[in-house]
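# Sharing a model that was predicted from the sequence below.
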Amino acid sequence: MQETQSPEVAVIGCGGTLSSLGTSSLDLMDYPEHGSKLSIGELLARIPEVATVASVMAVPFRSVGSTNITPADWFELRATLHRLAREQPQLKGFVIVHGTATLEETAFFLNLTLDIAQTVVLVGAQRPFSAVSSDAPMNLLGALQVAKARQSRGRGVLVVLNDEIHASRDVVKTSTLRLNTFRSAESGALGVIDADGIHFYRRVDRPHAPATDFADMPDAPALPRVDIVYSYAGADETFIEAAIAKGARGIVSAGLAPGIPTGAEKVALEAAVRSGIAVVQCSRAPSGRVAGRRYLLEHGVIPGEDFSPQKARILLALGLARTDRLDQLRAWFKQY
Ligand code: GLU
């Protein structure tokens with residue numbers, strides 16, 4: 001690994017499939033429980049091509065599957081990025097090596113809260129580093145190129161996998177095992193990475209780091225509890241009441257498309273709103289908006305727009321950390 005005095009890109013290790021070693025080169029499934037993980041330094045040392053793309057520094061952060069990444073980790077990661085940007089002003093960008101399971105959530109949180117100008121790219125892989133035909137090395141090399149490139153600046157936090165560059169606001173993990181799992185359903189990728197370099201085709205029009213209402217948040221506030229309740233035929237009030245009993249200040253309803261909970265859930269959600277809990281109506285469908293239809297507005301429910309339930313949860317938690325005002329929360333959902 002090339003580790004220079006003045007690195008261009010800091011590579012922060014969180015673990016995940018990209019850093020994983022399976023029990024054999026054909027272990028594509030059992031490695032989370034039966035394999036091991038390379039440290040970020042070991043990983044970079046095993047990919048000599050890294051030196052041809054960028055001078056890098058390895059920053060160990062976590063070595064876990066992303067199923068174990070929590071909001072407390074998000075805040076610590078954000079503080080780490082702020083510190084590195086301050087201490088190493090020559091850095092052009094950051095690459096965060098992260099498991100794919102919650103990658104889009106970490107990326108969207110950083111997209112809403114970071115206060116640095118450098119490019120931040122999250123990267124993962126679908127096949128462990130040790131697998132035959134692993135996507136790990138090429139995904140990492142692509143992420144390094146994007147993090148270093150001048151044209152990546154000012155586009156918010158980015159996600160790179162499978163030769164594509166996605167906006168953290170829009171991207172969703174859509175497939176358990178396919179290599180092309182990360183898709184931006186309605187809007188498409190921002191760009192691609194080919195052998196002749198990076199090619200961007202569009203920009204995100206919505207606010208993103210560092211110009212957001214959340215960029216000046218303190219380092220480690222306790223985020224208010226927000227739970228997601230998933231609708232299905234016959235769903236009743238059980239999980240809504242459980243969330244309230246656990247102290248939720250917000251509930252995201254992953255409703256039946258086009259964004260409507262069942263009758264029993266509706267009654268429980270209306271009662272939640274009356275007791276001062278913020279309720280956001282999303283849909284369990286993988287794409288499409290939940291618009292501000294009359295019922296939602298009359299009952300004080302916030303339309304979830306085109307956010308997936310897991311991203312709406314992050315925006316609502318950050319919003320509730322700032323205010324209880326329904327009109328402001330609703331405005332942020334429309335704006336972001
Ligand atoms: N790809 C998963 C992740 O998000 C699972 C890998 C693991 O648990 O090591 O990290």
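Cool, got the structure.
# who are the neighbours in contact with the nearest residue to Arg183 once chain neighbours are set aside?
In space, and not counting its chain neighbours, Arg183 is closest to Thr174: 4.9 Å by Cβ to Cβ, 6 or more residues apart in numbering. For every residue, glycine as well, the C-beta is placed using N, CA and C. Thr174 makes contacts with Thr181, Phe182, Arg183, Ala185, Pro286, as judged by Cβ atoms under 8 Å, 6 or more residues apart in numbering.
# Out of those, name the ones that lie in strands.
Phe182, Arg183 (DSSP state E).
# Among the contacts of Thr174, find the lowest-pLDDT one for me.
Within the contacts of Thr174, the minimum per-residue pLDDT falls on Ala185 (89).
# just checking, that residue touches Arg289?
No - if you go by Cβ atoms under 8 Å, Ala185 and Arg289 don't touch, sitting 11.5 Å apart.
# State the pLDDT value of whatever residue of the stretch 201-336 of the chain ends up closest to the ligand.
As assessed by Cβ to the nearest ligand atom, the ligand sits closest to Gln310 within the stretch 201-336 of the chain, at 13.4 Å. Reading off the confidence values, Gln310 has pLDDT 98.
# quick one: the longest helix seen in the chain near the ligand?
If you go by DSSP state H, the chain has its longest helix at helix 71-87. No - judged by Cβ under 6 Å from any ligand atom, helix 71-87 and the ligand are separated, with a smallest distance of 12.6 Å.
# now whatever helix or strand comes next after that helix and helix 71-87, what's the angle there?
Counting by DSSP states H and E, the element after helix 71-87 in chain order, helix or strand, is strand 93-97. Relative orientation of strand 93-97 and helix 71-87, computed by axes from the mean of the first three to the mean of the last three Cα atoms, to 10 degrees: 150 degrees.
# in the helix or strand that strand 93-97 is followed by, what's buried?
Scanning forward in sequence from strand 93-97 by DSSP H and E, the next helix or strand is helix 103-113. By neighbour count on 16 or more other Cβ atoms under 10 Å, the buried set for helix 103-113 is Leu103, Glu104, Glu105, Thr106, Ala107, Phe108, Phe109, Leu110, Asn111, Leu112, Thr113.
# closest to the ligand among those residues?
Nearest to the ligand among the buried residues of helix 103-113 is Leu103, at 6.9 Å by Cβ to the nearest ligand atom.
# Not counting its neighbours along the chain, what's nearest that closest one?
That would be Gly124: by Cβ to Cβ, 6+ apart, it lies 5.0 Å from Leu103.
# show me the contacts for that neighbour.
Residues near Gly124 by Cβ under 8 Å, 6+ apart: Gly16, Thr17, Leu18, Ser66, Val97, His98, Gly99, Thr100, Leu103, Asn139, Leu161.
# And the furthest pair within these?
Maximum pairwise distance in those, criterion Cβ to Cβ, is 14.6 Å, between Ser66 and Asn139.
# The two: who's more crowded?
Applying other Cβ atoms under 10 Å to Ser66 and Asn139 shows that Asn139 carries more neighbours, namely 25 against 21.
# Pull the residues that contact the helix or strand the more buried one falls within.
Element membership of Asn139, judged by DSSP H and E, is helix 136-148. When contacts are defined by Cβ under 8 Å, 6+ apart, helix 136-148 is touched by residues 8-9, 11, 17-19, 43, 47, 49-50, 53-54, 56, 92-95, 97, 119-125, 127-129, 152, 158, 160-163, 165, 193, 197-198.
# Can you flag the buried ones in these?
Looks like the contacts of helix 136-148 have 8-9, 11, 17-19, 43, 47, 50, 53-54, 56, 92-95, 97, 119-125, 127-129, 152, 158, 160-163, 165, 193, 198 buried, using 16+ other Cβ under 10 Å.
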